[in-house]
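Trainee: Kindly return the folded structure for what I paste below:
(chains A and B)
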Amino acid sequence: MEWAIIVVIVVVVFVFISLTVKIVPQQRVGVVERLGKFHRLLTPGLNILIPVIDHVRVYHDLRIQQANVPPQTVITKDNVQVQIDTIIFYQVVGPEQATYGISDYVYGVRNITTATMRQIIGKMELDETLSGREKISSDIRIALDEATEKWGVRIERVEVIDIKPPLDIQDAMDKQMKAERNKRAIVLEAEAAKQDMILRAEGDKQSKILKAEGDKEARIREAEGLRQAQELEALGEAKAIEAVAAAEKSRIQMLREAGLDEQVLAYRSFEALTEVSKGPANKVFIPSNAIETLGSIGAIGEMFKNKEGKK
Amino acid sequence: MHAWVIWLIAAGILLVLEMMTLTFYLLWISVGAGAAALVAWIAPDAFLLQVITGCVIALVLTAFTKPLAKRLRASKGYEDAGTELVGKQGVVVEAIEPGQYGIVKIGGDTWSATSTQQIGKDELVRVMKRGSSIIEVERWEEFI
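Mentor: Numbers count the residues shown, from 1 in each chain, chains lettered A, B, ... in the order given. All right, here's what the predicted structure looks like:
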């Protein structure tokens, strides 16, 4: 009998104390109801409850949660059925609303996301859906926030993991892609050929111009050389003539200074005659008028005298 | 085996369990078991007395948890990025018109936002209030 009492007391105390002291870990929150009505939130740390009267209805995890949505068939604006695979990131921000506003918020989040996704994709063409993930997530934002405001749940983001068009469409897209690449290759080839030709022509042109320029310069240089040579030659000749004339002049001057007169001239001419007669030819013909010429030398002497007289 | 030895063993097991699970109430029960062991050492035959002493000690200690909890509560814990959104600056990504929701980017997150004014794209805003998923904003300049 005593044993039964001891066991009952121990069990009651155990349960009592375990209901009183509650440790809530970080980023979790408990919703406390006092006699069935919402009373307060259990925040992280050590908490004390009044057993029996207080009751923890549910614990919420406040971290960002992920929910995979199984692939959904969605019809785009241009009537293509695509399989769309999404992942939802959400977070409980209002534990009270998440408890009392909606019965199962995970299910709710999943459903509202697929419904909204369907609506948004239905307004887009296939090509837009494939490239416009950013647009999808921004469009989905407002629609979802409006719905989930009352649930105490915030949908952080909805990511489209995969969009799968039907096989025949995918085939056509592959073909289109191939054709596009082929086109690019051909265009590139043509462009390369064009550039090749242009470059060659340009090279040819430049080489010809350079050659012509070289020729021109060579000829100019040659002509310049010739001109300089001729000029120098002419200059030399002129100098030589000048020198000869100067020498003649100085000779005549010196002769005059030495007192050149008729007799000397006559004597010199006779000397010259004898020199001539001493030459290899032993006969000298003196034309008869040469004598007259010699006589006229005297007249020249007369003229010199007259000139001196005038001075 | 003496009763007090059994009590001590119970106290030790409870202490180990407490260290492993960190529930806190097992600690009080362990201390209660220790007190019961003390009583058992003095009066080895009064089993009921030992149990009642142990239980009362555990209950009293539990009652003293409240001030301890209050003291521990003052220490700072992890702060969620979302909780201190009010007063932060954001950039409007999609224009906000009265009665309709726009999108505001705060840090790396996008939020649906309402406002009493009309705020155009790329304008700076300040967060006034935060609902669970929709925030209320006002133009940034009006606070300077």
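
Trainee: Can you check the pLDDT for the residue lying closest to B:A43 once chain neighbours are set aside?
Mentor: Leaving aside its sequence neighbours, B:A43 sits nearest to B:L49 (CB to CB, 6 or more residues apart in numbering or on different chains; 6.4 Å). (C-beta placed from N, C-alpha, C; glycine too.) In this prediction, B:L49 carries a pLDDT score of 86.

Trainee: which element is the residue of the stretch 1-150 of chain A found nearest chain B on?
Mentor: Nearest residue of the stretch 1-150 of chain A to chain B (CB to the nearest CB) works out as A:D145 at 3.6 Å. Here A:D145, judged by DSSP states H and E, is contained in helix A:133-148.

Trainee: other SSEs contacting that helix?
Mentor: helix A:105-121, strand A:153-164, strand B:89-94, strand B:102-106, strand B:109-114 (3 or more CB pairs under 8 Å, 6 or more residues apart in numbering or on different chains; DSSP states H and E).

Trainee: what about the helix or strand bottoming out on mean pLDDT in chain B and chain A, touching?
Mentor: Here the helix or strand of chain B ranked lowest by mean pLDDT, DSSP states H and E is helix B:65-73, holding a mean of 80. Yes. On the criterion CB under 8 Å from any CB of the partner chain, helix B:65-73 is in touch with chain A at B:T65, B:K66, B:L68, B:A69, B:L72, B:R73.

Trainee: contacting residues for the first one?
Mentor: Taking CB atoms under 8 Å, 6 or more residues apart in numbering or on different chains as the contact definition, B:T65 lies against A:T20, A:V21, A:L46, A:I48, B:F24, B:W28.

Trainee: Residue numbers of the stretch 101-250 of chain A in contact with chain B?
Mentor: A:138, A:141-142, A:144-146, A:148-149, A:151-157.

Trainee: Make a PyMOL selection of whichever of the residues of helix B:65-73 next to chain A turn out to be buried.
Mentor: Selection of buried members from the residues of helix B:65-73 next to chain A for PyMOL, criterion 16 or more other CB atoms under 10 Å in any protein chain shown:
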select buried, chain B and resi 65+69
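
Trainee: Closest to chain A out of the residues of helix B:65-73 next to chain A?
Mentor: Distances from chain A to those, taken by CB to the nearest CB, are shortest for B:A69, at 4.0 Å.

Trainee: quick one: that closest one and A:L49 touch, right?
Mentor: No. At 10.8 Å, B:A69 does not count as touching A:L49 under the criterion of CB atoms under 8 Å.

Trainee: roughly how far apart are A:E275 and B:G34?
Mentor: Separation of A:E275 from B:G34 (CB to CB, to the nearest Å) stands at 171 Å.

Trainee: ok, the two, which is more surrounded?
Mentor: A count of neighbours by other CB atoms under 10 Å in any protein chain shown puts B:G34 above the other of A:E275 and B:G34, at 18 against 9.

Trainee: Where do the helices of chain B begin and end?
Mentor: B:3-21, B:25-42, B:47-63, B:65-73 (DSSP state H).

Trainee: Okay, and the beta partners of A:V58?
Mentor: Taking DSSP bridges as the rule, A:V58 bridges to A:V31.

Trainee: which residues does it contact?
Mentor: A:G30, A:V31, A:T99.

Trainee: Can you lay out the residues you listed as a markdown table showing neighbour count and pLDDT?
Mentor: Formatted as a markdown table, these follow (neighbours: other CB atoms under 10 Å in any protein chain shown; pLDDT from 0 to 100):
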| residue | neighbour count | pLDDT |
| --- | --- | --- |
| A:G30 | 20 | 92 |
| A:V31 | 20 | 93 |
| A:T99 | 21 | 91 |
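
Trainee: Nearest to A:A185 among these?
Mentor: Closest to A:A185 out of the contacts of A:V58 is A:T99 (62.3 Å), distances taken as CB to CB.

Trainee: Surely that closest one is in contact with A:V32?
Mentor: No. Counting by CB under 8 Å, A:V32 is not a contact partner of A:T99; they are 10.6 Å apart.

Trainee: quick one: common contacting residues for the two?
Mentor: In contact with both A:T99 and A:V32: A:F38, A:R57, using CB under 8 Å, 6+ apart.

Trainee: nearest spatial neighbour of residue 112, skipping sequence neighbours?
Mentor: Since no chain was named, I'll use chain A. In space, and not counting its chain neighbours, A:I112 is closest to A:A147: 5.1 Å by CB to CB, 6+ apart.

Trainee: my bad, the chain I had in mind was chain B
Mentor: A:D145 (3.6 Å).

Trainee: so who does that neighbour touch?
Mentor: Here A:D145 is in contact with A:R154, A:I155, B:Y101, B:W111, B:S112, B:S133, B:I134 (criterion: CB under 8 Å, 6+ apart).

Trainee: need the residues of chain B near chain A, please.
Mentor: So far as CB under 8 Å from any CB goes, chain B lies against chain A at B:22-25, B:28-29, B:32, B:47-48, B:51-52, B:55, B:58-59, B:62, B:65-66, B:68-69, B:72-73, B:77-78, B:80, B:82, B:93-94, B:101-103, B:109-112, B:131-134.

Trainee: Now list the buried members of these.
Mentor: Here, 16+ other CB under 10 Å leaves B:24-25, B:28-29, B:32, B:47, B:51-52, B:55, B:58-59, B:62, B:65, B:69, B:82, B:93-94, B:101-103, B:110-112, B:131-134 buried among these.

Trainee: Give me the below-cutoff pLDDT ranges for chain B.
Mentor: Scanning chain B for pLDDT under 70 picks out B:75-83, B:142-144.

Trainee: next one: chain A
Mentor: Using pLDDT under 70, chain A drops low at A:260-262, A:279-311.

Trainee: give me that answer again for 50
Mentor: Within chain A, the segments meeting pLDDT under 50 span A:311.

Trainee: could you pull out the helices for it?
Mentor: Ranges of helices in chain A, per DSSP H, are A:2-20, A:95-100, A:105-121, A:126-131, A:133-148, A:167-257, A:262-277, A:288-310.

Trainee: could these go into TSV alongside distance to A:Q66?
Mentor: Putting the helices of chain A into TSV (distance: least, CB to CB, whole Å) gives the following:
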stretch	distance to A:Q66
helix A:2-20	33
helix A:95-100	17
helix A:105-121	11
helix A:126-131	22
helix A:133-148	15
helix A:167-257	28
helix A:262-277	141
helix A:288-310	139
